[in-house]
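>>> Pasted the sequence and its predicted model underneath.
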Amino acid sequence: WDGSILYSSEAFSGKIDRRLLDGTFLSSFTVAPSTNFGEDMAWDSTRNRLLRVNHFPATLDRINPVTGLLDMSFALPLTGFGFTNLGAIGLAYDSRRDLLYVSFCEAGCASTSVGTILQFDPSTGNQVGGVLFSVSGANSFIGGLAYDAIGDTLWLGGVDVRHTTLAGAPISSFASTYFSDGLELIQSRVPEPNALLLSGLVGIALWLRRRA
């Protein structure tokens with residue numbers, strides 16, 4: 001969400017649609033994932049660029065939404081932090097700190113119930129600091145991510161949707177019908193409720209389980 005247009009991407013082909021919030025289709029363009037499976041996207045409001053993470057090998061794509069062309073692709077960590085193969089899922093842009101948050105699971109998201117969030121510099125793709133926080137236990141995969149600039153908090157997609165502090169402390173949660181790989185927080189500029197948008201595709205969840 002760039003403030004006026006909502007972008008959504010097909011996982012395999014990389015076709016990206018531009019729509020209004022009421023679903024009205026505007027146009028589309030295609031930027032094929034730099035690896036085999038495109039996941040969550042985020043809007044970099046500082047550089048006016050669309051960002052997308054790809055699952056494994058984990059990469060970060062920076063896309064010019066005006067030309068529909070790939071600016072750059074950054075490699076993300078492949079191992080470490082308790083994982084054999086890091087698979088990227090969620091992506092959120094922190095406009096207060098000019099940071100990216102990326103959620104990871106074991107590639108395929110089926111062999112372990114652990115989710116971890118790392119921080120990256122959006123201009124270089126370099127990791128910043130250590131682990132932001134991790135969650136574990138049943139159904140603890142972290143799917144799509146959304147940053148709440150008003151509350152300075154995070155929304156975590158997955159089997160359920162969780163609202164947490166930046167340290168991972170729970171604030172609230174609600175059930176999701178499907179595993180939500182994509183998540184976006186539409187923040188109002190007037191005193192109206194924020195809208196939380198989820199992309200929970202059954203095919204994506206099943207593909208991840210088959211892959212594992």
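Received it, and whenever you're ready, just let me know what you need. These numbers come from a predicted model, not from an experiment. Numbers count the residues shown, from 1 in each chain.

>>> use CA for all of it now, contacts and neighbours both
Fine.

>>> okay, stretch 101-111 in CSV with CA atoms only?
Backbone C-alpha positions of stretch 101-111 (Å, rounded to 0.1, in the frame of the first residue of the first chain) are rendered in CSV as follows:
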residue,chain,number,x,y,z
TYR,A,101,11.7,-6.3,9.1
VAL,A,102,11.8,-9.8,7.5
SER,A,103,10.3,-12.9,9.0
PHE,A,104,11.9,-16.3,8.5
CYS,A,105,11.0,-20.0,9.0
GLU,A,106,12.9,-23.1,8.1
ALA,A,107,12.6,-23.3,4.3
GLY,A,108,9.2,-24.9,3.5
CYS,A,109,7.8,-23.9,6.9
ALA,A,110,6.9,-27.4,8.0
SER,A,111,9.9,-28.9,9.9
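
>>> Kindly provide the whole-number mean pLDDT of that stretch.
Averaged over stretch 101-111, pLDDT sits at 83.

>>> List the contacts of it.
Counting by CA atoms under 8 Å, 6 or more residues apart in numbering, stretch 101-111 makes contact with 55-56, 83-94, 112, 114-120, 141-145, 208-212, all of which sit outside it.

>>> residues of that stretch that come out buried?
Burial within stretch 101-111, assessed by neighbour count using 16 or more other CA atoms under 10 Å, is assigned to 101-110.

>>> any idea where the helices of the chain begin and end?
Assigned by DSSP state H, the helices in the chain fall at 202-211.

>>> So, low pLDDT: which residues of it?
The model of the chain has pLDDT under 70 over residues 111-113, 137-139, 188-212.

>>> can you put the buried residues of stretch 101-111 in JSON lines and add distance to Thr177?
Putting the buried residues of stretch 101-111 into JSON lines (distance: CA to CA, whole Å) gives the following:
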{"residue": "Tyr101", "distance to Thr177": "24"}
{"residue": "Val102", "distance to Thr177": "23"}
{"residue": "Ser103", "distance to Thr177": "20"}
{"residue": "Phe104", "distance to Thr177": "21"}
{"residue": "Cys105", "distance to Thr177": "20"}
{"residue": "Glu106", "distance to Thr177": "22"}
{"residue": "Ala107", "distance to Thr177": "22"}
{"residue": "Gly108", "distance to Thr177": "20"}
{"residue": "Cys109", "distance to Thr177": "18"}
{"residue": "Ala110", "distance to Thr177": "18"}
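
>>> between those residues, which is closest to Gly157?
Ranking those by separation from Gly157, with CA to CA as the measure, puts Ser103 on top at 9.8 Å.

>>> What residues are bridge-paired with the closest one?
Ile117 (DSSP bridges).

>>> quick one: it from Leu26, how far?
Taking CA to CA, to the nearest Å as the measure, Ser103 falls 30 Å from Leu26.

>>> Thr164 now?
Distance of Thr164 to Leu26, computed by CA to CA: 34 Å.

>>> the more surrounded of those two?
Under the criterion of other CA atoms under 10 Å, the comparison of Thr164 against Leu26 puts Thr164 first, with 18 against 11.

>>> what sits against that one?
153-156, 170-172.
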